[in-house]
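**Q** Sequence first, predicted coordinates after that:
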Amino acid sequence: MLQHCKVSEPAVGPPVTRPLRVLIVEDERKSRELICREVEELGAEVLVATTAYDAIRIVAEERPDTVVVDGLLPQMHGFELARYIRHMDREYRPRIVVVTGIYRHLRYRNEAKLKYGVDAYLLKPVTKHDLAEVLS
């Protein structure tokens, strides 16, 4: 027997939107605080992780819209974290931004995008303008 889905009536009034949720994964305190402050000033909700393993847990539980990850983390390389997040769930496709002060050469940027599934690549020191571009 064929069953049809019941179509619900649209809600009255403007749609309810929530702020962009951004996970910042940075082990260095000063960089983390700077990026968090800049992202909050852009109107996003900020989640914070200081290790890759904390980031994996937060991503699994909270499903942020964007993950801003330091390229060089202690327990797991930031690029590997990006690849892990990319393969966690086919239905979940957050924007992944790598921030680095070390991997400056164009070769690293291209590799991050092709091999690790990174959407954007920023060099430290990160500015509010840089973050606004990748978060929009």
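**A** Sure, I can see it. Residues are numbered from 1 along each chain as shown.
**Q** okay, and for this structure, where does confidence drop off?
**A** Residues of the chain that meet the criterion pLDDT under 70 lie in 1-16.
**Q** if we go to 90?
**A** Within the chain, the set of residues satisfying pLDDT under 90 comprises 1-18, 74-75, 101-114, 136.
**Q** Break down it into its strands, ranges please.
**A** Secondary structure of the chain by DSSP state E: the strands cover 21-25, 45-49, 66-70, 95-100, 120-123.
**Q** If you count neighbours, what's buried in the shortest one?
**A** In other words, strand 120-123. Neighbour counts over strand 120-123 (16 or more other Cβ atoms under 10 Å) mark A120, Y121, L122 as buried. To be clear about C-beta, it is placed using only N, CA and C from the backbone, and glycine gets the same treatment.
**Q** Tell me how far the nearest residue to the second one once chain neighbours are set aside lies from Y103.
**A** Read it as Y121. Taking Cβ to Cβ, 6 or more residues apart in numbering as the measure, Y121 lies nearest to R109, with 4.5 Å between them; neighbours along the chain are not counted. Relative to Y103, R109 is positioned 8 Å away (Cβ to Cβ, to the nearest Å).
**Q** try G117
**A** Relative to Y103, G117 is positioned 16 Å away (criterion: Cβ to Cβ).
**Q** And I24, by the same measure?
**A** When Cβ to Cβ is the yardstick, I24 and Y103 sit 18 Å from each other.
**Q** neighbour count winner among these two?
**A** I24 (28 against 17; other Cβ atoms under 10 Å).
**Q** how far away is the more buried one from E45?
**A** I24 sits at a distance of 11 Å from E45 (criterion: Cβ to Cβ).
**Q** ok, Y103 - contacts?
**A** G71, L72, R109, A112 (Cβ atoms under 8 Å, 6 or more residues apart in numbering).
**Q** Good, wrapping up.
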